[in-house]
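*Asks:* Sequence below, structure please.
(one chain, ligands or ions: 1)
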Amino acid sequence: MGRVSGKVALVTGAASGIGRASAELLAREGAVVVITDIQADKGVDVAAGIGEAGGKAQFARHDVTSESEWAEIVRRIDKDFGRLDILVNNAGIAVGGMVTDLSLEDFRRQMAVNVDSVFLGTKTSLPLMRKHGGGSIVNISSVAGLRGSARLSAYCASKGAVRLFTKAVALECAAMKDGIRVNSVHPGIIDTPIWHGVMPGSNAPLDLDAMSAFRVPLGVKGQPADIANAVLFLAANESRYMTGEEVVVDGGLTIGSI
Ligand SMILES: NC(=O)c1ccc[n+]([C@@H]2O[C@H](COP(=O)([O-])OP(=O)(O)OC[C@H]3O[C@@H](n4cnc5c(N)ncnc54)[C@H](O)[C@@H]3O)[C@@H](O)[C@H]2O)c1
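*Replies:* Numbering: from 1, shown residues only. Next up is the predicted model:
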């Protein structure tokens, strides 16, 4: 038996990076995984790869900023599976730049993809989760939701919002005794495409190895699988006594420097 056997999971932004690794790991551990993203070709490939490896997955194109698309994906999961046990609110973007160089449009785009998405996903999924007496919501925040980072003010604002939204909803669920736990994960420097072109005017990937050697106590960047392991733990019953918690996976980045 896998650690999430018999459960139905929805992972947003799962065509790439941390979402992809989380979807693959949840499927390996027995969940049926619904993969969503705006990158349809890549999402279809991820679902096919899971199928070839013996897991169960399906892809749906889904823009996490759209309320109507959230309603549609949850309706489809209800119709196909009749339940939703795990929601991983993972889709995100990073809009970099000095605050004086950011437009209101940049700021709103950052908040729409990273925060509206988590609000809409949570609000839309809770009724279906409650129908089956429980579930686990895992929100992907960041170390940027725990402390400031120059030239990432909009991103920090979005990830700080995800952190406290998580705790507030965790308390609402606990008060209702609905069996739903809500936690956040805070990755450090993880090797994914999100870093490409994060700074305006540059499409070059940042040198994550050099950055990590300098700033991360463990000395190396993390991999998507490092975050997927935390997601799996929070999704599975092993973490049944954790809610509103923030799980930091950052090689020691936020505890200080050596
Ligand atoms: N990589 C890191 O170092 C790091 C650190 C901390 C937090 N995070 C967070 O992890 C999460 C995953 O990022 P990643 O690093 O895997 O990046 P990634 O770019 O590899 O993956 C993000 C995915 O989100 C999708 N996406 C973007 N906008 C979307 C939308 N409107 N609707 C649906 N999907 C959308 C993208 O198409 C992409 O597949 C993000 O929330 C990110 O902020 C990443």
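*Asks:* how about the strand or helix carrying Ala47: buried residues?
*Replies:* Assigning secondary structure by DSSP states H and E places Ala47 in helix 40-52. Neighbour-count burial for helix 40-52 flags 42-44, 46-47, 50 (criterion: 16 or more other C-beta atoms under 10 Å). (C-beta placed from N, C-alpha, C; glycine too.)
*Asks:* now Val44, nearest residue through space, not along the chain?
*Replies:* Excluding the flanking residues, the one nearest Val44 by C-beta to C-beta, 6 or more residues apart in numbering is Phe59, at 5.0 Å.
*Asks:* can you give me phi and psi for the one you found?
*Replies:* Dihedral pair for Phe59: phi -110, psi 140, per degrees, to the nearest 10.
*Asks:* Let me see the contact set for the most centrally placed residue in the chain.
*Replies:* Central residue of the chain (C-alpha atoms, centre = their mean): Asn90, 2.0 Å from the mean position. Residues near Asn90 by C-beta atoms under 8 Å, 6 or more residues apart in numbering: 11-14, 18-19, 22, 140.
*Asks:* Could you export the residues you listed to a markdown table, including columns for secondary structure?
*Replies:* Formatted as a markdown table, these follow (DSSP: H, G, I helix; E, B strand; the rest coil):
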| residue | secondary structure |
| --- | --- |
| Val11 | strand |
| Thr12 | strand |
| Gly13 | coil |
| Ala14 | coil |
| Ile18 | helix |
| Gly19 | helix |
| Ser22 | helix |
| Ile140 | strand |
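*Asks:* What is the nearest of those to Arg163?
*Replies:* Ile140 (10.7 Å; C-beta to C-beta).
*Asks:* quick one: is stretch 152-168 near the ligand?
*Replies:* No: figure legend: stretch 152-168 not in contact with the ligand (C-beta under 6 Å from any ligand atom); closest approach 6.7 Å.
*Asks:* Pull out the buried positions in that stretch.
*Replies:* 152-163, 165-166.
*Asks:* Determine which two of those are furthest apart.
*Replies:* Greatest spatial distance in those: Ser153 and Thr166, 20.6 Å, computed using C-beta to C-beta.
*Asks:* is it true that Val33 lies in a strand?
*Replies:* Yes: the assignment for Val33 is a strand, going by three-state DSSP.
*Asks:* residues contacting it?
*Replies:* Counting by C-beta under 8 Å, 6+ apart, Val33 has contacts 9-11, 14, 23, 26-27, 50, 55-58.
*Asks:* how much space between it and the ligand?
*Replies:* The gap separating Val33 from the ligand is 15 Å, by C-beta to the nearest ligand atom, to the nearest Å.
*Asks:* Noted, bye for now.
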